[in-house]
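>>> this one's sequence-less:
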Ligand code: HSE
């Protein structure tokens, strides 16, 4: 049997929601798992890149063996029902930019898990899948929207379960992804964060997080402008994303822009705006980065409301 799963990209944090806010986006990886017929062939993992992308270098760094995050996720699922995976061919078709802050690792974890779960006859429910995916990823903010779609608020509880609720993103608010031509691995971007933060900064983020939820629920632009700020991760990561401060500064006086934040751990930047002035936003970002010799792709995309989908099943 061969199962394919299409998994959306995700953007996490979205300003104040460090490790707890995430949103699915319409860029996808496809993960296929098939049982190989020959016993003793073990696990084979192949990663194929999108022919239009420049992900060649990144792919060289993706482990293709038992150290792979896909393998770990699949192994945890098999172990949870007292089995060990063997004789599997796993293929990843990668269209989500790698190491750019769009949940490419969450997508392969989720795709591997869902495909393996289908292959095994669905022993794991959504709660179990979320818990395993978060255990491998380390935080729930990318894997949760990758599984359930949309804009999602999530938390990892002490017993390893993930609690989540979906929020309705206002259609009037545009999401522009600004993707620079260099990579930033999440573990490097997490290594610059302090172990402890000042109480005033924690209060600042708690205030913005409350504002964010209320702003989304009531489509309150004024509140959203206040909400899209952060003191828990962005100030520390600023040095890893040259030009982020300048782009923020150059967009500050654009009436249509509600906020400018790091996408996940960066290096990509997310701009939330009203429907007008997209051309202006695109040119401000491109020009600001071009000044620093950074090439960038700038895309305005809607929220992907659907999570991972099983797209092919051959018996
Ligand atoms: N919340 C995570 C971080 C997202 O900011 O490190 C990146 O995967």
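Received the coordinates, thanks. Everything quoted here is computed from the prediction, not taken from an experiment.
>>> switch to C-alpha atoms for all contacts and neighbour counts from now on
Noted.
>>> For the closest residue to residue 29 other than its chain neighbours, what are phi and psi?
With sequence-adjacent residues excluded and distances taken as Cα to Cα, 6 or more residues apart in numbering, residue 29 is closest to residue 94, at 4.8 Å. The phi/psi pair for residue 94 (degrees, to the nearest 10) reads phi -100, psi 110.
>>> Could you number the chain from 638 rather than 1 from now on?
Okay, using 638 as the starting number, the last item reads as residue 731.
>>> got the contact list for the residue sitting nearest the centre point of the chain?
Central residue of the chain (Cα atoms, centre = their mean): residue 740, 2.7 Å from the mean position. Residues in contact with residue 740 (Cα atoms under 8 Å, 6 or more residues apart in numbering) are 646-649, 733, 779-780, 901.
>>> Would you mind giving the residues you listed as a markdown table with pLDDT added?
Compiled in a markdown table, the contacts of residue 740 are given as follows (pLDDT from 0 to 100):
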| residue | pLDDT |
| --- | --- |
| 646 | 98 |
| 647 | 98 |
| 648 | 98 |
| 649 | 98 |
| 733 | 93 |
| 779 | 98 |
| 780 | 98 |
| 901 | 98 |
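>>> most surrounded residue in those residues?
The most crowded member of these is residue 780, carrying 37 neighbours; neighbours defined as other Cα atoms under 10 Å.
>>> what separates that residue from the ligand, distance-wise?
Applying Cα to the nearest ligand atom, to the nearest Å, the value for residue 780 to the ligand is 9 Å.
>>> Which parts of the stretch 838-952 of the chain are helices?
If DSSP state H, counting those that start in this stretch is used as the criterion, the helices of the stretch 838-952 of the chain fall at 858-864, 871-874, 881-888, 915-928.
>>> who touches the first one?
Contacts of helix 858-864 with the rest of the structure, by Cα under 8 Å, 6+ apart, involve 652-653, 844-846, 848-849, 851-853, 895-896.
>>> before we move on, back to that, out of the helices of the stretch 838-952 of the chain, nearest to residue 936?
Judged by Cα to Cα, the one of these that comes nearest to residue 936 is helix 915-928, at 8.1 Å.
>>> Packing partners of that closest one?
Applying 3 or more Cα pairs under 8 Å, 6 or more residues apart in numbering; DSSP states H and E, we find helix 915-928 packed against helix 881-888, strand 933-938.
>>> picking that back up, can you redo the helices of the stretch 838-952 of the chain as JSON lines with mean pLDDT?
Listed next are the helices of the stretch 838-952 of the chain as JSON lines, based on pLDDT from 0 to 100:
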{"stretch": "helix 858-864", "mean pLDDT": "97"}
{"stretch": "helix 871-874", "mean pLDDT": "98"}
{"stretch": "helix 881-888", "mean pLDDT": "94"}
{"stretch": "helix 915-928", "mean pLDDT": "92"}
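>>> would you turn those into a markdown table with mean neighbour count and distance to the ligand?
Below are the helices of the stretch 838-952 of the chain laid out as a markdown table (neighbours: other Cα atoms under 10 Å; distance: least, Cα to the nearest ligand atom, whole Å):
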| stretch | mean neighbour count | distance to the ligand |
| --- | --- | --- |
| helix 858-864 | 18 | 17 |
| helix 871-874 | 18 | 9 |
| helix 881-888 | 17 | 15 |
| helix 915-928 | 16 | 22 |
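>>> ok, back up a step: partner residues bridging the closest residue to the residue nearest to the centre of the chain other than its chain neighbours?
With sequence-adjacent residues excluded and distances taken as Cα to Cα, 6+ apart, residue 740 is closest to residue 647, at 5.1 Å. Assessed by DSSP bridges, residue 647 has beta-bridge partners residue 661.
>>> correct me, but residue 647 touches residue 662?
Yes: using Cα atoms under 8 Å, residue 647 is in contact with residue 662, at 5.5 Å.
>>> which bits of the chain sit near the ligand?
By Cα under 6 Å from any ligand atom, the residues of the chain that approach the ligand are 649-650, 655-656, 823, 827, 901-902.
>>> low pLDDT regions in this protein?
Low-confidence segments of the chain (pLDDT under 70): 674-680, 683-704, 952.
>>> what about the helices in the stretch 688-837 of the chain?
Secondary structure of the stretch 688-837 of the chain (DSSP H, counting those that start in this stretch): helices located at 693-697, 706-717, 741-756, 763-774, 777-785, 823-828, 836-855.
>>> Deepest in the core, which of those helices is it.
helix 777-785 (a mean of 32; mean count of other Cα atoms under 10 Å).
>>> relative orientation of that helix and helix 741-756 in degrees?
For helix 777-785 against helix 741-756, the angle by axes from the mean of the first three to the mean of the last three Cα atoms, to 10 degrees is 40 degrees.
>>> Could you list the residues in contact with helix 777-785?
Contacts of helix 777-785 (Cα under 8 Å, 6+ apart): 644-650, 656-661, 740, 743-744, 746-747, 767, 770-771, 774, 788-793, 799, 801, 943-945.
>>> try it again with 6 Å
645, 647, 649, 656-661, 740, 743, 771, 789, 944-945 (Cα atoms under 6 Å, 6 or more residues apart in numbering).
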